[in-house]
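J.: missing the sequence, but the structure's below:
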């Protein structure tokens, strides 16, 4: 592998995405992408006593589905990279504790899925692994509990707020295979333009997405039109518009081939999700289902997946801190 | 970002981009539902008085019934739907206070009855209690000094 420009890595032997899998909750199952998901749950508990246990079960089952779809024996998977939103990433570590695969806990807030794929790709192209597993999860109820208010509280959500996706996405990356290939990664910088409103995560994260997109285009010498699809993780409707605006002021028109997972996963009007989906699973499930199938069917050939994360917690928010954003990009090509 | 030189510029731009809450609609919904809750309270009060209870006792019974009803609807996953529609209309009356105590109690039951239900029950209502009681002490002191 080699470094291009400021922060992009180009792989000599691009790793293949061998398989993906995703499981989603009931609200996502009612959304526009329902037909693409591997499994749709009827209730948020999935037979467990707590939402945290349910989330662990979701990531556990998603991972085992991804492994079985890859036709690779789990003992031949060298490393696992996974993370989530709950304190100390308990969904991943509890869900994957019986996996018996060396585990790297990754925290990049909602950018975790692409961060895991980036690290996994570096391991593979660096010769340290043949196969790696990347996974992430989030759960609306457990996230609300940790970051906001009890679910039964009778309050109103502002129009800028987003809806945490319940679900999990997982991917198996391999050294050998017939694609889709991860050709480049552009790990992002932490960008903070001073947004403090925890109900407007899209606006907090959009500058990080713009920074990573600009850097990726400059480092690789590619234009936005090189890609069939540029897809950010969970900026939602407002963050998407801000990203288009900001890219335009930098001389890049991305309007025609750009979208956001948070915009795709819910029907904003019918499902009352305000600014759209969010959470680690937003990018994880949309990529593992809809986008990966589009790649397999060759409906899209080149995808730039840019997962965005808000690096905040409830303590920092209460202390009046701003919300730093981050965005990691992977270039996926057939 | 070179096109936004200060966080202030970005914040101003974001404010322009972000839709505001529908204040007029929210006010009307709050007025209607809040009014209905108050009417229900008045009916309970009148029934109590007609049954021969004193005014003071009738007020207490009214509060108890509204709190009980609100707690029951919270448990049935109905109150949050009313609250979503009514906003301050169901939050400001005593119903909102009951909901703010019952909802965390339900949410944190998974952490046990001591550190969950017991400790977390007042996470939402706590500030209301602290500042409500503090204010009443201040008002009481002022009353004591002036009268």
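T.: Arrived safely. As the structure is a computational prediction, the values presented were derived from the model and not from experiment.
J.: smallest distance to chain B belongs to which residue of chain A?
T.: Per CB to the nearest CB, residue A:154 is where chain A lies closest to chain B, at 1.8 Å. (C-beta placed from N, C-alpha, C; glycine too.)
J.: starting from residue A:247, give me the distance back to that residue.
T.: 40 Å (CB to CB, to the nearest Å).
J.: higher neighbour count, these two?
T.: Set residue A:154 next to residue A:247 and count neighbours by other CB atoms under 10 Å in any protein chain shown: residue A:154 wins out with 26 against 22.
J.: isn't the more buried one right up against residue B:83?
T.: Yes. Counting by CB atoms under 8 Å, residue A:154 does reach residue B:83; the two are 1.8 Å apart.
J.: what residues are shared contacts of those two?
T.: Residues touching both residue A:154 and residue B:83 by CB atoms under 8 Å, 6 or more residues apart in numbering or on different chains: B:90, B:91, B:96, B:99.
J.: near chain A, list only the ones from these.
T.: Among the shared contacts of residue A:154 and residue B:83, the ones lying near chain A by CB under 8 Å from any CB of the partner chain are B:90, B:91, B:96, B:99.
J.: contacting residues for the second one?
T.: In this case it means residue B:91. Per CB under 8 Å, 6+ apart, neighbours of residue B:91: A:154, A:155, B:83, B:99.
J.: which among these gets closest to residue A:213?
T.: residue A:155 (35.0 Å; CB to CB).
J.: for the residue of chain A closest to chain B, identify the helix or strand it belongs to.
T.: Counting by DSSP states H and E, there is no helix or strand that carries residue A:154.
J.: for chain B, which segments count as helices?
T.: B:7-17, B:23-50, B:55-75, B:79-86, B:88-91, B:94-107, B:119-120, B:126-146 (DSSP state H).
J.: out of those, nearest to residue A:133?
T.: helix B:94-107 (32.6 Å).
J.: now for that closest one, which elements pack on it?
T.: helix B:55-75, helix B:79-86, helix B:88-91, helix B:119-120 (3 or more CB pairs under 8 Å, 6 or more residues apart in numbering or on different chains; DSSP states H and E).
J.: sorry, back to before: dump the helices of chain B into TSV; add mean pLDDT as well.
T.: Formatted as TSV, the helices of chain B follow (pLDDT from 0 to 100):
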stretch	mean pLDDT
helix B:7-17	94
helix B:23-50	96
helix B:55-75	96
helix B:79-86	95
helix B:88-91	94
helix B:94-107	95
helix B:119-120	95
helix B:126-146	96
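J.: those helices: which one's closest to residue A:321?
T.: Among the helices of chain B, helix B:7-17 sits nearest to residue A:321 (CB to CB), with 12.6 Å.
J.: can the closest one be said to contact chain A?
T.: Yes. Against chain A, helix B:7-17 shows contacts by CB under 8 Å from any CB at B:7, B:8, B:10, B:11, B:13, B:14, B:17.
J.: nearest spatial neighbour of the first one, chain-adjacent residues omitted?
T.: Closest residue to residue B:7 apart from its sequence neighbours, by CB to CB, 6 or more residues apart in numbering or on different chains: residue A:194 at 2.7 Å.
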